[in-house]
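J.: Next comes the sequence, and after it the predicted model I'd like to discuss.
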Amino acid sequence: MSRTILVICATHRDHRELPLLAESGIDFIFHDYASTSLEDLITERAAEAGLVADPLGEIERILELVRGREIAGVISSDDYPGSALAAAVAERLGVPAPDPEITLICQHKYLSRVMQENHVPDAVPPFALIDVANGVSSPLPFPIFLKPVKSFFSIGAEKISSEADLAIRLPRWKELDQYFLPLDRMLERYAGVSIGTKRLIAEGVLNGRQVTVEGYAYGGTVSIMGVVDSIMFPGTLAFVRFDYPSALPKGVQARMVEIATTVMEGLGFDNGLFNIEMMYDRETGQISIIEINPRMASQFADLYEKVDGTNSYRVLLDIAQGREPSFIRRQGRYGFATSCVLRSFVDYRVEAVPSDEDIKRLATLYPDIRVELHARPGRNLSDELQDGQSYRYGIISLGGRDLADALQKFAACQNELGIVLRPLDSSPSEPLRAFDLRTQAQGASGTVEALVPSGVAARPSRAHRKGAEPGFSSQCPPRHDGVRFRPNGLRAPDHRRGA
């Protein structure tokens, strides 16, 4: 008998991973709602009016569209607004999922901080709300780390040094009513609170090495899958790569696991995956929570599979169907896995990207490789969704014996990809240059490698990070015109949402 999984706000990784993991008799309905519209709003690419449908109305529309079908589970790997919509729909359908109220509290950065302080106060920096409509005085001493109460892709997150710097940034957030609409409407419905114009949060600046602690809750018990290191370009908030397993001392990782377990159990989070970004200050020994995300970190799903033998999408599917997941450890093909970001600190015109045959050839050389392309020929890197500080144009995830072996494979893949970028100030007749591993780009801290440094070593972050019309299809990709994505040589749907 066929069983149907409803995938809310489906991403390109959902389309890639889920069909590969589903057992016989499972089919998927891939749903989309406002993901690219919200991206356009927060990056100021679109007008304010009429872009985002009421999320409460969208819940009713979803329920009507699946009426009469047996839904075995409802999932989402999407951050905003997918995870909250999925929780609400699952509750109405009577299938396992996190409580909508708890999901929304986790997503609202200020409300989340309040709850964190109740359960793990030593892991929470100073924080305070900022009302964008009422003056510019910071409730905390400068410098502060400023971010919207809800964002993605680190957009709007930055260190602020003075009242003048803060005043410059407030008008932008005052105008984004449509962007905050889904969260505001759902918070009012499920948690009895409203955002209004209190749209920013100020926090104390954190220093140290950034990681992600990812786990799941099932039957009231929290389990941790792994700790992933976030490696940054020096002096920036831009990721070079994500490494698994973490290189932090085991004792530090154990403390992080304890913090994550305590806070998620204290919140009452259950029947879902979560990831918590943390910062470890080696000089003081302090571990601090950056933020809690009540969803899986989809970019890491195949990293666990490479090292442990379990893809975290498998865990997501099990929990959604009311089955206790089994996350095996250290039984994968590799001892180490990394997800490397193709990035420049200078805007370029894209002249060429790999063909499907190029990707297939790489897949024969490097089994289990994942290649994402976030660039299209004839467009500038800046035409795609970016973090405002750099230009990401792809991701390569692969495994190896250790870090050195994985990076050597990454370098070889870079040389094979054949991505060609042209400086924006060059004429069409000037020679095009291939953008490979050794290409230099000008970053905030001087000249750094565009990808993995060979002359300048990338190091873990020393600064606090954070730093569409609705569509509905069954077994079909959403109608987006963004990232070209190919897993193991297989073409997958376009979608702009990144990691």
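T.: Perfect, thanks for sending it.

J.: what's the span of stretch 193-204 from first residue to last?
T.: Taking CA to CA, to the nearest Å, stretch 193-204 runs 25 Å from one end to the other.

J.: ugh, wrong one, I meant stretch 68-76
T.: One end of stretch 68-76 to the other measures 21 Å (CA to CA).

J.: Quick one: residues in contact with that stretch.
T.: Around stretch 68-76, the neighbours that count as contacts under CB atoms under 8 Å, 6 or more residues apart in numbering are 3-10, 26, 29, 82-83, 85-86, 89-90, 93, 95-97, 295, 316-317, 320-322. Backbone N, C-alpha and C define where each C-beta goes, glycine included.

J.: Give me the mean pLDDT for it.
T.: Averaged across stretch 68-76, pLDDT comes to 96.

J.: in it, what's buried?
T.: When burial is assessed from 16 or more other CB atoms under 10 Å, stretch 68-76 yields the following buried residues: 71-76.

J.: Then stretch 277-288?
T.: So, applying 16+ other CB under 10 Å, buried residues of stretch 277-288: 277-280, 287-288.

J.: so can I have JSON lines of those showing secondary structure?
T.: Below are those laid out as JSON lines (DSSP: H, G, I helix; E, B strand; the rest coil):
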{"residue": "E277", "secondary structure": "strand"}
{"residue": "M278", "secondary structure": "strand"}
{"residue": "M279", "secondary structure": "strand"}
{"residue": "Y280", "secondary structure": "strand"}
{"residue": "I287", "secondary structure": "strand"}
{"residue": "S288", "secondary structure": "strand"}
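
J.: Reformat those into a markdown table and put distance to V257 next to each item.
T.: Listed next are the buried residues of stretch 277-288 as a markdown table, based on distance: CB to CB, whole Å:
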| residue | distance to V257 |
| --- | --- |
| E277 | 14 |
| M278 | 10 |
| M279 | 15 |
| Y280 | 13 |
| I287 | 11 |
| S288 | 15 |
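
J.: what stretches of the chain score poorly on pLDDT?
T.: For the chain, applying pLDDT under 70 flags the ranges 1, 34-52, 152-153, 427-499.

J.: my guess is Y348 meets R379, correct?
T.: No - contact criterion CB atoms under 8 Å: Y348 and R379 do not qualify, at 10.1 Å.

J.: Which one of the two is surrounded by more residues?
T.: It is Y348, of Y348 and R379, that has more neighbours when counted by other CB atoms under 10 Å, with 24 against 11.

J.: So what sits opposite that one in the bridge?
T.: On DSSP bridges, the residues paired with Y348 through beta bridges are P423.

J.: For it, give me its contacts.
T.: Y348 makes contact with 380-381, 391, 421-424, 435 under the criterion CB under 8 Å, 6+ apart.

J.: same check, this time on Q116
T.: The contact partners of Q116, by CB under 8 Å, 6+ apart, come to 123-124, 263, 289, 292.

J.: For it, give its distance to K159.
T.: Distance of Q116 to K159, given as CB to CB, to the nearest Å: 21 Å.

J.: so which helix or strand takes in P96?
T.: Using DSSP states H and E, P96 sits in no helix or strand.

J.: Can we start the residue count at 55 from this point?
T.: Let's use 55 as the start, then, which means that last one is P150.

J.: Just give the strands next to the longest strand seen in the chain in its sheet, each with its orientation.
T.: Counting by DSSP state E, the longest strand found in the chain is strand 275-286. Sheet pairing of strand 275-286 (DSSP bridges) gives strand 263-272 (antiparallel), strand 293-298 (antiparallel), strand 513-514 (antiparallel).

J.: Could you dump those into TSV with distance to Y244 added?
T.: Shown next, in TSV, are the strands paired with strand 275-286 (distance: least, CB to CB, whole Å):
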stretch	distance to Y244
strand 263-272	18
strand 293-298	32
strand 513-514	37
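
J.: Out of those, which is closest to Y388?
T.: Y388 lies closest to strand 293-298 among the strands paired with strand 275-286, at 9.8 Å (CB to CB).

J.: buried ones in whichever helix or strand comes after the closest one?
T.: Next helix or strand after strand 293-298 toward the C-terminus (DSSP H and E): helix 304-321. Buried residues in helix 304-321, counted by 16+ other CB under 10 Å: 306-307, 309-311, 313-315, 317-318, 321.

J.: circling back: just put the strands paired with strand 275-286 in a markdown table and tack on distance to M286 and mean neighbour count.
T.: Formatted as a markdown table, the strands paired with strand 275-286 follow (distance: least, CB to CB, whole Å; neighbours: other CB atoms under 10 Å):
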| stretch | distance to M286 | mean neighbour count |
| --- | --- | --- |
| strand 263-272 | 7 | 24 |
| strand 293-298 | 6 | 24 |
| strand 513-514 | 6 | 17 |
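
J.: of those, which approaches Q440 most closely?
T.: strand 293-298 (12.6 Å).

J.: which residues touch that closest one?
T.: Outside strand 293-298, the residues that touch it by CB under 8 Å, 6+ apart are 266, 280-287, 353-354, 357-358, 361, 390-395, 397, 457, 505-507, 512.

J.: Looking at the contacts of stretch 122-130, which are in helices?
T.: Counting by DSSP state H, the contacts of stretch 122-130 place 136-137, 139-140, 143-144, 147, 370-371, 374 in helices.

J.: With respect to D441, which of these is nearest?
T.: Proximity of the ones in helices among the contacts of stretch 122-130 to D441 (CB to CB) peaks at G136, which lies at 19.7 Å.

J.: Tell me how far the residue nearest to that closest one when sequence neighbours are not counted lies from P175.
T.: Leaving aside its sequence neighbours, G136 sits nearest to C63 (CB to CB, 6 or more residues apart in numbering; 3.1 Å). Distance, C63 to P175, using CB to CB: 33 Å.

J.: Just want to know which of these two has more residues nearby.
T.: Set C63 next to P175 and count neighbours by other CB under 10 Å: C63 wins out with 27 against 8.

J.: That one contacts F84, correct?
T.: No - with contacts counted by CB under 8 Å, C63 stays clear of F84, the gap being 9.2 Å.

J.: residues near the closest residue to A355 other than its chain neighbours, how many?
T.: Using CB to CB, 6+ apart and skipping the chain neighbours, the partner closest in space to A355 is S366 (4.5 Å). Using other CB under 10 Å, S366 has 28 other residues around it.

J.: Check the gap between S366 and I285 for me.
T.: In terms of CB to CB, S366 sits 20 Å off from I285.

J.: Over to R430?
T.: Distance, R430 to I285, using CB to CB: 27 Å.

J.: of these two, who's got more company?
T.: I285 (23 against 18).

J.: Bridge partners for the more buried one, pull those for me.
T.: Applying DSSP bridges, one finds that I285 bridges with R295, P514.

J.: residue ranges for the helices of the stretch 155-304 of the chain, please.
T.: Under the criterion DSSP state H, counting those that start in this stretch, the stretch 155-304 of the chain contains helices at 163-173, 217-228, 231-244, 304-321.

J.: now those helices as a markdown table including distance to F199?
T.: Formatted as a markdown table, the helices of the stretch 155-304 of the chain follow (distance: least, CB to CB, whole Å):
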| stretch | distance to F199 |
| --- | --- |
| helix 163-173 | 11 |
| helix 217-228 | 12 |
| helix 231-244 | 20 |
| helix 304-321 | 19 |
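
J.: Ok, which of these comes nearest L471?
T.: Closest to L471 of the helices of the stretch 155-304 of the chain is helix 304-321 (CB to CB; 33.6 Å).

J.: okay, that closest one in PDB with CA atoms only?
T.: Extracted in PDB, the C-alpha atoms of helix 304-321 (Å, rounded to 0.1, in the frame of the first residue of the first chain):
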ATOM      1  CA  LYS A 304      36.100  15.600  23.300                       C
ATOM      2  CA  GLY A 305      35.500  17.200  26.600                       C
ATOM      3  CA  VAL A 306      34.300  20.400  24.900                       C
ATOM      4  CA  GLN A 307      32.000  18.500  22.600                       C
ATOM      5  CA  ALA A 308      30.600  16.600  25.600                       C
ATOM      6  CA  ARG A 309      29.700  20.000  27.300                       C
ATOM      7  CA  MET A 310      28.100  21.100  24.100                       C
ATOM      8  CA  VAL A 311      26.000  17.900  23.900                       C
ATOM      9  CA  GLU A 312      24.900  18.500  27.500                       C
ATOM     10  CA  ILE A 313      23.900  22.100  26.800                       C
ATOM     11  CA  ALA A 314      22.000  21.000  23.700                       C
ATOM     12  CA  THR A 315      20.200  18.200  25.400                       C
ATOM     13  CA  THR A 316      19.300  20.300  28.400                       C
ATOM     14  CA  VAL A 317      17.800  23.200  26.500                       C
ATOM     15  CA  MET A 318      15.900  21.100  24.000                       C
ATOM     16  CA  GLU A 319      14.400  18.900  26.700                       C
ATOM     17  CA  GLY A 320      13.600  22.000  28.700                       C
ATOM     18  CA  LEU A 321      11.800  23.600  25.700                       C
END
